[in-house]
Structure formats: structure tokens, C-alpha cells
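Trainee: below are the sequence and a predicted model; questions follow.
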Amino acid sequence: MEQNMLRIFKDSLQTRLTELLNDKHKYMERISKPLNGQGPTDEADVGCFHHDRELLHILQGRNNKVVKEIRSAIDRIENGEFGICCACFGPIGLGRLRAQPTTVLCVDCRRELEFSSRTKAS
């Protein structure tokens with residue numbers, strides 16, 4: 001892959017990483033203090049408060065997963081492994097990388113994985 005294209009992918013991934021890390025700080029602030037700076041005042045408020053905290057934890061967990069995937073993709077760019085399928089070692093199509101720059105599988109290997117997962121579940 002051309003160096004210019006790799007730089008574009010890396011810049012895009014780093015921008016997304018920065019956004020997610022900023023979101024992480026916002027989530028942590030929301031989780032660590034009561035809503036609106038005050039404690040819940042009745043049972044309904046307590047329920048909403050706990051529900052909101054649970055949702056924030058779920059969102060943070062998802063963001064942590066994406067952060068790891070992005071860091072891994074940046075490492076693959078730096079190591080010259082970006083765009084190479086980890087299963088068949090063939091190239092991952094540019095269209096697939098544009099749609100999902102953190103992917104480690106080409107379309108064919110991804111389909112095969114999904115097919116084998118579905119047949120095992122049946």
C-alpha cells in the first residue's frame with residue numbers, strides 16, 4: 001500500500017482514538033459523581049441514577065474495545081502489516097479498509113469465519 005494512503009489511514013485512526021479517549025474522560029466524570037451534582041432524592045431518581053451509570057459503564061466498555069482495535073491498527077501500520085489478512089496473509093481490499101480500518105480479515109476469510117460460526121451454532 002502506498003505511504004500516502006497509510007498516512008491517511010493512520011491520521012484518521014489517530015483522530016478517532018483521540019475522540020474516544022476524550023469520551024472516556026467524560027464518561028468517567030459522569031460515573032464518578034451523581035447526576036446534576038446532587039444525589040438521588042427519591043426511589044425513581046435512585047433507579048434512573050443506577051440505570052444511567054450502568055449504561056455509561058456499558059458504553060465505556062465498548063469504547064475500550066474500539067480503542068484497543070484502533071491502537072492495534074496503528075501498530076500494524078507502523079509495522080508494515082496493515083492491510084494484510086491475518087488468516088490467509090493476502091491483501092485486504094481497500095474498500096473494506098475504508099469501511100472498517102481496524103479489520104484484520106479480508107472479506108473471504110470473514111465470510112468463512114461467519115459461515116463456520118453459524119454452522120457450529122446450528
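Mentor: Great, that's in hand.

Trainee: ok, residue 104 - contacts?
Mentor: Residue 104 sits next to 72, 76, 85, 86, 92 when contact means CB atoms under 8 Å, 6 or more residues apart in numbering. Where you see a C-beta, it was placed from the backbone N, CA and C, and this is true even at glycine.

Trainee: hang on, the second one packs against residue 92?
Mentor: Same thing as residue 76. No. Contact criterion CB atoms under 8 Å: residue 76 and residue 92 do not qualify, at 10.4 Å.

Trainee: just the buried residues out of the contacts of residue 104, in ChimeraX syntax.
Mentor: Remark: buried members of those, expressed as a ChimeraX selection using 16 or more other CB atoms under 10 Å:
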select :76,85,92
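
Trainee: mark which of the contacts of residue 104 are part of strands, please.
Mentor: Counting by DSSP state E, the contacts of residue 104 place none of their members in strands.

Trainee: so how far is residue 69 from residue 100?
Mentor: 9 Å (CB to CB, to the nearest Å).

Trainee: more crowded one of these two?
Mentor: Set side by side, residue 100 and residue 69 show more neighbours around residue 69, with 17 against 14, by other CB atoms under 10 Å.

Trainee: element containing the more buried one, please.
Mentor: helix 43-79 (DSSP states H and E).

Trainee: that helix: which residues count as buried?
Mentor: Buried residues in helix 43-79, counted by 16+ other CB under 10 Å: 49, 56, 60, 63, 67, 69, 70, 73, 74, 76, 77.
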